[in-house]
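Participant: Quick one, fold the following:
(chains A and B)
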Amino acid sequence: MPNLLDIRRRIRSVKNTQQITRALKMISASKLRRAQEQALAARPYAERLREMLAHLADQLAELQRREAEEGQAGPGLGRVPASLHRVQLIVISADTGRAGAFNANVIKAAQTFIAEPAADGQPREVKLEIVGRKALESFRKRNAPIVGEHLGVFDRQVDYGVARALAAGAAQRFIAGEVDAVYIVGNEFKSIVQQRVSLQQLLPLAAPQDNAERAADAAPREYLFEQPPAEIFGKLLPRYLEVQIYRSLLESLAAEHAARMNAMDNATRNAGDLIDVLTLNMNRVRQAAITKEIIEIVGGAAALTG
Amino acid sequence: METFELEIATPQRLVVRASVKEAQVPAANGYLGILPEHAPLLSELGTGEVSYTAADGHAAKLLVSGGFLEVQPDKTVLLADVAELPEEIDLSAAKTELETAQRQAGSSDPATDYDAATHEVALAETRLAVGKK
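Facilitator: From the prediction side, this is the model:
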């Protein structure tokens, strides 16, 4: 039977752990609020940009067609590659753990993607660009080909510059023909209790569709272009890429804090349960000791009088 | 009185959403005056001051730099790289920036990026102009 002191010590240690998990939960809750606000604030720009491209879908298709036919240098990003198996994958994980299955889910999704054959049936040749220490460690161990790594992205607010760097790297590899497609995988913030891993194709570009609006005004708008369309697309498309990556980073940050908050909430609750069990145990041991002492006293007294 | 929607956003946030009577915006090739029912237009944005008159008659201005401009008959959208309201501009910081930028633009060091330096000068000058008052 464990003695009283040991149990007391154990309770104290579990209580300390509980305090830490409770504090971490609180920190995550406040960081989550900020991350959510940031994600929300970034939404109008992304939406307007998407709408703008949707309005211009015809011109973009025209430009892509011309580029494909004549092989001329157009916006570059409009390239339509013949094969599809050389791929760059951007993986967004967190720098720290203690967030439940948050990191494991992304890593698993990335591995599934790598193992799958491409649409043309050939095995994928994947280059990885990684955000966050957790995925980096995991893929380093597996000797996966890593072309870029970004740590400390989520220490403070997400810097737009990181998205710009990621987009520039992907665009450059795509235009140079090193890769035929670029994908991004990361956690998406669904709700506070739900995160979902989403895999998205960034390149080759698919012009966003705006069906509702299309139907409303049947005749496509004729735009005046202040600069040649190719020049505007040359700047608009990289920006679109950046914004999509930026959005994924913000989503991942919000999802990370939500996941951590839940994980720490569970840990706090489990610690509470453990403390209850231990306390019951301690009381039982203490009661047993008292009973034993009484029996001894009674026994002793009986021996004297007898 | 006819009005149109004016929206100015940066990748980080929505800066202005207002119903306006008219607006002046710095397109890459010079300032553009926009009234309701303007023909659809697409342009790059330059660096400069956006000024507009809101539906209730009060005038406002702000700084924008870089990005895109889309005009539709009932709506104008500015997707700017930088957008700052007058009350957000730190005048003394802008002054130091202007001096540094001017020094750089006037430097004889061949490694200087003149395009970037002139852009910085324009940005700082506009900051001062918008931030004043």
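Participant: does residue A:143 count as helix, strand or coil?
Facilitator: coil (DSSP: H, G, I helix; E, B strand; the rest coil).
Participant: For residue A:179, see how far away it is.
Facilitator: According to C-beta to C-beta, to the nearest Å, residue A:143 stands 19 Å off from residue A:179. Backbone N, C-alpha and C define where each C-beta goes, glycine included.
Participant: ok, residue A:180 - how many residues close by?
Facilitator: 22 (other C-beta atoms under 10 Å in any protein chain shown).
Participant: Correct me if wrong: it contacts residue A:81.
Facilitator: Yes - Residue A:180 lies in contact with residue A:81 (C-beta atoms under 8 Å); the separation is 4.0 Å.
Participant: Now list whatever residues contact both of the two.
Facilitator: residue A:204 (C-beta atoms under 8 Å, 6 or more residues apart in numbering or on different chains).
Participant: Break down the stretch 151-300 of chain A into its helices, ranges please.
Facilitator: Along the stretch 151-300 of chain A, counting by DSSP state H, counting those that start in this stretch, helices occupy A:160-175, A:211-216, A:229-305.
Participant: Single out the most deeply packed of these.
Facilitator: Most buried of these by mean neighbour count (mean count of other C-beta atoms under 10 Å in any protein chain shown) is helix A:160-175; its value is a mean of 19.
Participant: quick one: is that helix near chain B?
Facilitator: Yes - for helix A:160-175 and chain B, the contact criterion (C-beta under 8 Å from any C-beta of the partner chain) is met by A:160, A:163.
Participant: ok, back up a step: of the helices of the stretch 151-300 of chain A, which shows the lowest average pLDDT?
Facilitator: For those, the bottom mean pLDDT is recorded on helix A:211-216, which sits at a mean of 49.
Participant: Not counting the longest helix along chain B itself, show me its contacts.
Facilitator: Determined from DSSP state H, the single longest helix within chain B is helix B:114-131. Residues from elsewhere that reach helix B:114-131, judged by C-beta under 8 Å, 6+ apart: B:47-49, B:61-63, B:65, B:82, B:84, B:86, B:89-91, B:94-95, B:97-98, B:100-102, B:104-105, B:107.
Participant: redo that, cut-off 6 Å
Facilitator: Residues outside helix B:114-131 that contact it (C-beta atoms under 6 Å, 6 or more residues apart in numbering or on different chains): B:47-49, B:61, B:63, B:65, B:86, B:89, B:91, B:94, B:97-98, B:101-102, B:104-105.
Participant: Would you mind listing what in the stretch 101-250 of chain A touches chain B?
Facilitator: A:160, A:221, A:223-227, A:243, A:246 (C-beta under 6 Å from any C-beta of the partner chain).
Participant: Out of those, which comes closest to chain B?
Facilitator: Ranked by distance to chain B (C-beta to the nearest C-beta), these are led by residue A:226 at 3.4 Å.
Participant: give me every residue that touches the closest one.
Facilitator: B:27, B:29, B:43.
Participant: among the residues you listed, which are within reach of chain A?
Facilitator: B:27, B:29, B:43.
Participant: Can you verify my assumption that the last one contacts residue B:27?
Facilitator: To tie it back to what came earlier, the one meant is residue B:43. Yes - under the criterion of C-beta atoms under 6 Å, residue B:43 makes contact with residue B:27 at 4.4 Å.
Participant: So which residues on chain B come close to chain A?
Facilitator: Checking chain B against chain A by C-beta under 6 Å from any C-beta, the hits are B:9, B:11, B:13-14, B:27, B:29, B:39-44, B:70, B:77, B:79.
Participant: Tell me which two in those are the farthest apart.
Facilitator: B:13 and B:39 (29.2 Å; C-beta to C-beta).
Participant: Give me the more crowded residue out of those two.
Facilitator: Using other C-beta under 10 Å as the criterion, residue B:13 and residue B:39 rank with residue B:13 on top: 16 against 11.
Participant: pLDDT weak spots in the stretch 51-200 of chain A?
Facilitator: A:67-68, A:70-76, A:78 (pLDDT under 70).
Participant: Among the residues of chain B next to chain A, name the buried ones.
Facilitator: B:9, B:11, B:13-14, B:27, B:41-44, B:70, B:77, B:79 (16 or more other C-beta atoms under 10 Å in any protein chain shown).
Participant: quick one: which of those residues is nearest residue A:253?
Facilitator: Closest to residue A:253, out of all of these and judged by C-beta to C-beta, is residue B:11, at 14.9 Å.
Participant: Report how many residues lie close to residue B:121.
Facilitator: Residue B:121 has 21 nearby residues by other C-beta under 10 Å.
Participant: Ignoring the adjacent residues along the chain, who's closest to it?
Facilitator: Spatial nearest neighbour of residue B:121, excluding adjacent residues (C-beta to C-beta, 6 or more residues apart in numbering or on different chains): residue B:101 at 4.5 Å.
Participant: What of residue A:179?
Facilitator: residue A:88 (4.5 Å).
Participant: can you count the residues close to the one you found?
Facilitator: Around residue A:88 there are 24 residues (other C-beta under 10 Å).
Participant: Helix, strand, or coil at it?
Facilitator: Residue A:88 ends up strand, using three-state DSSP.
Participant: I'd like the distance between it and chain B.
Facilitator: 22 Å (C-beta to the nearest C-beta, to the nearest Å).
Participant: for residue A:112, same thing?
Facilitator: Counting by C-beta to the nearest C-beta, the gap from residue A:112 to chain B is 31 Å.
Participant: what is in contact with residue B:43 and residue B:27 at once?
Facilitator: Contacts common to residue B:43 and residue B:27, judged by C-beta under 6 Å, 6+ apart, are A:226, B:69.
Participant: Would you agree residue B:26 is in contact with residue B:48?
Facilitator: Yes - contact criterion C-beta under 6 Å: residue B:26 and residue B:48 qualify, at 2.9 Å.
Participant: Quick check, the residue in chain B closest to chain A?
Facilitator: residue B:43 (3.4 Å).
Participant: pLDDT score assigned to the closest residue to that residue other than its chain neighbours?
Facilitator: Leaving aside its sequence neighbours, residue B:43 sits nearest to residue A:226 (C-beta to C-beta, 6+ apart; 3.4 Å). Note on residue A:226: pLDDT of 85.
Participant: isn't the residue nearest to residue A:179 right up against residue A:184?
Facilitator: No - Residue A:88 is beyond contact range of residue A:184, at 9.3 Å (criterion: C-beta under 6 Å).
Participant: Does residue 108 lie in a helix or a strand, and which?
Facilitator: If you meant another chain, say so; for now it's chain A. helix A:102-115 (DSSP states H and E).
Participant: Who are the packing partners of that helix?
Facilitator: helix A:133-141, strand A:194-203 (3 or more C-beta pairs under 6 Å, 6 or more residues apart in numbering or on different chains; DSSP states H and E).
Participant: how about a cut-off of 8 Å?
Facilitator: With contacts taken as 3 or more C-beta pairs under 8 Å, 6 or more residues apart in numbering or on different chains; DSSP states H and E, helix A:102-115 sits against strand A:86-92, strand A:125-131, helix A:133-141, strand A:181-191, strand A:194-203, helix A:229-305.
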